[in-house]
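Visitor: What follows is a predicted structure for the sequence shown.
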Amino acid sequence: MAEFLQTEAFKFAGEQGEQRVFEAVKAAFQDREALGWWRYPLVSETTVREPDILVIDPELGVIVIEVKSLPLSDLAGVSGYRWQLNRPYFGKTEINPYEQAKAQLQVIMRTLRGRPGLDRVPGRVIVATPLITRDEWDDAPFNTLIGDTPLLHGDQLTPARLMKALERTPFVAQGQPLDEAQWGALQRAFGTSGNIPKPKEAPVVAAPQSRSALMQAVRAAERPLDLQQERIAKTVPPGPQRIRGLAGSG
């Protein structure tokens, strides 16, 4: 079963469209072995990027969904990947949602390419317009200038149509479906344990008898976060929080 985490609560009016798309994505992936986040933090030395919706799936790879909750009346024109606006959107009269999401995906891919087994993880980007239907977009007066931005429209937010739109979205990063080992490595790369759904109980292995053997076993053992820790680490609950622990547990 899929698991989806929210790093923040939906609390602003402008986030209603994002919430609608996020709930639709959750419904579409609910029977798949996938992981997803709303506003997963991508932290580098100079910037912090937060994809609106990030999904990883063993078949589809890494998916970044940029949500633009704009009515069609706010668009003055579309030329290539650039959208001209009739009124400012977060202070801008021109936006490039596809390139914005593509830059976020490229940050992820640069990190994955340096990990064993993850050099062929596929990646794709799509822009969701929950307030615009497919027919409205096709009938727009500026349709002769419309570029090749992969889009997920407001009337495509059913599980079947959403998955179809994602499967048709071209790759930004070429790759192939992941095997079990690669899928586990991909989950660990995003801070998860790789045990969702919970794996079968591992066979009992005799403890190392010597100190050197014990140290080797400890160094070789993976110490991934379990899902509960992942929720705690990635979710920002409402209100102030107090976290207690023994010295060094942080």
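Guide: Perfect, thanks for sending it.
Visitor: Could you find the residue nearest the spatial middle of the protein?
Guide: residue 54 (0.9 Å; Cα atoms, centre = their mean).
Visitor: Touching, it and residue 40? I think so.
Guide: Yes - in this structure, residue 54 is within contact of residue 40 by Cβ atoms under 8 Å, at 4.3 Å. C-beta coordinates here come from the backbone N, C-alpha and C atoms, glycine included.
Visitor: if I pick residue 157, what's in contact with it?
Guide: Residue 157 makes contacts with 20, 21, 24, 130, as judged by Cβ atoms under 8 Å, 6 or more residues apart in numbering.
Visitor: Pull the most distant pair out of these.
Guide: Pairwise distances across these peak at 8.4 Å for 24 and 130 (criterion: Cβ to Cβ).
Visitor: tell me which element residue 241 is part of?
Guide: Using DSSP states H and E, residue 241 maps to neither a helix nor a strand.
Visitor: All further residue positions should be reported with the first residue as 22.
Guide: That works, and once the first residue is 22, the last one we named lands at residue 262.
Visitor: State the pLDDT value of residue 40.
Guide: Note on residue 40: pLDDT of 92.
Visitor: and it, helix, strand or coil?
Guide: helix (DSSP: H, G, I helix; E, B strand; the rest coil).
Visitor: Grab the nearest non-local neighbour of it.
Guide: In space, and not counting its chain neighbours, residue 40 is closest to residue 31: 4.5 Å by Cβ to Cβ, 6 or more residues apart in numbering.
Visitor: what about residue 92, neighbour count?
Guide: Using other Cβ atoms under 10 Å, residue 92 has 10 other residues around it.
Visitor: Now it. Nearest residue, chain neighbours left out?
Guide: residue 152 (4.9 Å).
Visitor: mind listing the strands for this structure?
Guide: Taking DSSP state E as the test, the strands found in the chain are 24-27, 56-59, 63-64, 69-70, 74-78, 82-88, 96-100, 103-110, 113-116, 144-150, 172-174, 192-194.
Visitor: who wins for proximity to residue 200 among these?
Guide: strand 82-88 (12.7 Å).
Visitor: Now do the contacts for residue 42.
Guide: 73, 74, 86, 88, 149, 151, 173, 178.
Visitor: closest to residue 27 among these?
Guide: residue 74 (10.3 Å).
Visitor: Beta-bridge partners for the closest one, please?
Guide: residue 59, residue 86 (DSSP bridges).
Visitor: who touches it in this structure?
Guide: 39, 42, 43, 46, 57, 58, 59, 84, 85, 86, 88, 149.
Visitor: now, among these, which is nearest to residue 65?
Guide: residue 85 (15.7 Å).
Visitor: Settle this for me: the closest one is touching residue 128, isn't it.
Guide: No - contact criterion Cβ under 8 Å: residue 85 and residue 128 do not qualify, at 9.7 Å.
Visitor: And the two? Which one has more around it.
Guide: residue 85 (27 against 16).
Visitor: Now do the buried residues in the longest helix along the chain.
Guide: Ranked by residue count, the top helix of the chain under DSSP state H comes out as helix 118-133. By 16 or more other Cβ atoms under 10 Å, the buried positions in helix 118-133 come out as 118, 119, 121, 122, 123, 125, 126, 128, 129, 130, 133.
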